[in-house]
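Asks: Got a sequence here, can you model it:
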Amino acid sequence: MHEFIRTHLERLNGSLRLELPYSPSYYALRLILQGVDPKALEAAFRRHAASLPTSPAVEGPAAIAVDGKTLPPPADSV
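Replies: Predicted coordinates:
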């Protein structure tokens, strides 16, 4: 998360109407995340996910990692 914020600081500042000169420390990120309401975060995530276009149906189980990478179904399920 720290590296992502460092890389995208200008865009994040613009989107969130902030003026951070540099990425927050690990401790500050921890405090921010501790203050997040889990139910509100889930609701926001679900709204965002519902707004995305649907992907074609995949036969068998598929997994999507948190970092956005996808894994193909196991070979024995095809």
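Asks: any chance you could map the strands in the protein?
Replies: 63-64, 70-71 (DSSP state E).
Asks: Comparing the ones you listed, which yields the minimum mean pLDDT?
Replies: Note on the strands of the chain: strand 70-71 shows the lowest mean pLDDT, a mean of 62.
Asks: confidence score at Arg46?
Replies: Looking at Arg46, the pLDDT reads 92.
Asks: now Val66
Replies: With respect to pLDDT, Val66 scores 69.
Asks: quick thing: my sequence starts at 49, can you match it?
Replies: From this message on, residue numbering opens at 49, which makes the last subject Val114.
Asks: starting at the chain centroid, how far to the helix ranked longest in the chain?
Replies: Scanning the chain for the helix with the most residues, using DSSP state H, yields helix 86-99. Mean-position distance between helix 86-99 and its chain equals 11 Å (CA atoms, centre = their mean, to the nearest Å).
Asks: Same question for stretch 94-108.
Replies: That offset, for stretch 94-108, works out to 15 Å (CA atoms, centre = their mean).
Asks: Return the alpha-carbon coordinates of that stretch using PDB.
Replies: Only the C-alpha atoms of stretch 94-108 are listed here, as PDB (Å, rounded to 0.1, in the frame of the first residue of the first chain):
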ATOM      1  CA  ARG A  94     -20.000  -4.000  -3.600                       C
ATOM      2  CA  ARG A  95     -21.200  -0.800  -5.400                       C
ATOM      3  CA  HIS A  96     -17.900  -0.600  -7.300                       C
ATOM      4  CA  ALA A  97     -18.000  -4.300  -8.200                       C
ATOM      5  CA  ALA A  98     -21.600  -4.000  -9.400                       C
ATOM      6  CA  SER A  99     -20.700  -1.200 -11.700                       C
ATOM      7  CA  LEU A 100     -18.000  -3.200 -13.500                       C
ATOM      8  CA  PRO A 101     -18.900  -5.000 -16.700                       C
ATOM      9  CA  THR A 102     -19.500  -8.700 -16.300                       C
ATOM     10  CA  SER A 103     -16.900 -11.100 -17.600                       C
ATOM     11  CA  PRO A 104     -17.700 -14.200 -19.700                       C
ATOM     12  CA  ALA A 105     -18.800 -17.200 -17.700                       C
ATOM     13  CA  VAL A 106     -16.000 -19.600 -16.800                       C
ATOM     14  CA  GLU A 107     -16.500 -23.300 -16.400                       C
ATOM     15  CA  GLY A 108     -15.400 -24.600 -13.100                       C
END
